[in-house]
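A.B. asks: only geometry, no sequence info:
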């Protein structure tokens, strides 16, 4: 990764909010947490790691002009929206809601006795004012084990969900010593988020909640080489 700029964002540096029923870590500025140096990365605007108590959740509220992805790590998340969608999101599922010109939705823990642990991801759309939309797809452990499985993209290729932005999102499950490599093309950028476990990125050791921003600076592709330090779940965003 010689032809790259790499910046590490440690889990303990994130914003944190404890609302009793909700414990949330904010990778980027969000709600009452503001950090001028962490307002997002390229089109990636929000990564919130949320833990919601049984039977609790976010009541109906509105969004517009944002691509919102929900990625469940444990438990089950009940989604309802003003487009008439009602679904339950479980580990392995990727949900995409395009807020576009405006949509109302609610999200609740679908279990009366188990915590739901999930990532709420916001990506700024390529253009404002689009038509609201919803999509949800399941990706098995086998599809993600020991590899980077494309789960969201601008064109929906390889069975991924479609987002209205030049971004490719990959999900991977790594055992100890397993290695995955992703090429970042010249002038492209990558954001690696460790959802669970630990990995090694070059000489850097990244634990759960840690992240790395990677920007190609040379004329050649940059190979992002990720090795499992322990059983890990990762998300990798390839961004313009």
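C.D. replies: Cool, got the structure. The structure displayed is predicted, hence computed values, not measured ones. Residues are numbered from 1 along each chain as shown.

A.B. asks: Let's verify the residue most central in space within the chain: helix, strand, or coil?
C.D. replies: Ranked by distance to the mean C-alpha position of the chain (CA atoms, centre = their mean), the top residue is residue 121 at 4.8 Å. Recorded secondary structure, residue 121: strand (DSSP: H, G, I helix; E, B strand; the rest coil).

A.B. asks: show me the contacts for it.
C.D. replies: Neighbour list for residue 121: 44, 46, 47, 48, 68, 69, 70, 71, 169 [criterion: CB atoms under 8 Å, 6 or more residues apart in numbering]. Using the backbone N, CA and C atoms, a C-beta is placed for each residue, glycine as well.

A.B. asks: Count the residues that sit near the fifth one.
C.D. replies: The criterion is other CB atoms under 10 Å. On that basis, residue 68 has 21 neighbouring residues.

A.B. asks: Which strand residues bridge the residue nearest to residue 143 when sequence neighbours are not counted?
C.D. replies: Distance criterion CB to CB, 6 or more residues apart in numbering; nearest residue to residue 143, sequence neighbours excluded, is residue 149 at 4.9 Å. The bridge-partner assignment for residue 149, based on DSSP bridges, gives residue 171.

A.B. asks: With residue 133 instead?
C.D. replies: The residues paired with residue 133 through beta bridges, assigned by DSSP bridges, are residue 98.

A.B. asks: any idea how far it lies from residue 97?
C.D. replies: Between residue 133 and residue 97 the distance, using CB to CB, to the nearest Å, works out to 7 Å.

A.B. asks: more crowded one of those two?
C.D. replies: Neighbour comparison, residue 133 and residue 97: the larger count goes to residue 97, with 24 against 16 (by other CB under 10 Å).

A.B. asks: ok, back up a step: how many other residues sit next to the residue nearest to residue 143?
C.D. replies: By the criterion of other CB under 10 Å, residue 149 has 19 neighbours.

A.B. asks: same question, residue 127
C.D. replies: Neighbouring residues of residue 127 were enumerated by other CB under 10 Å; the total is 10.
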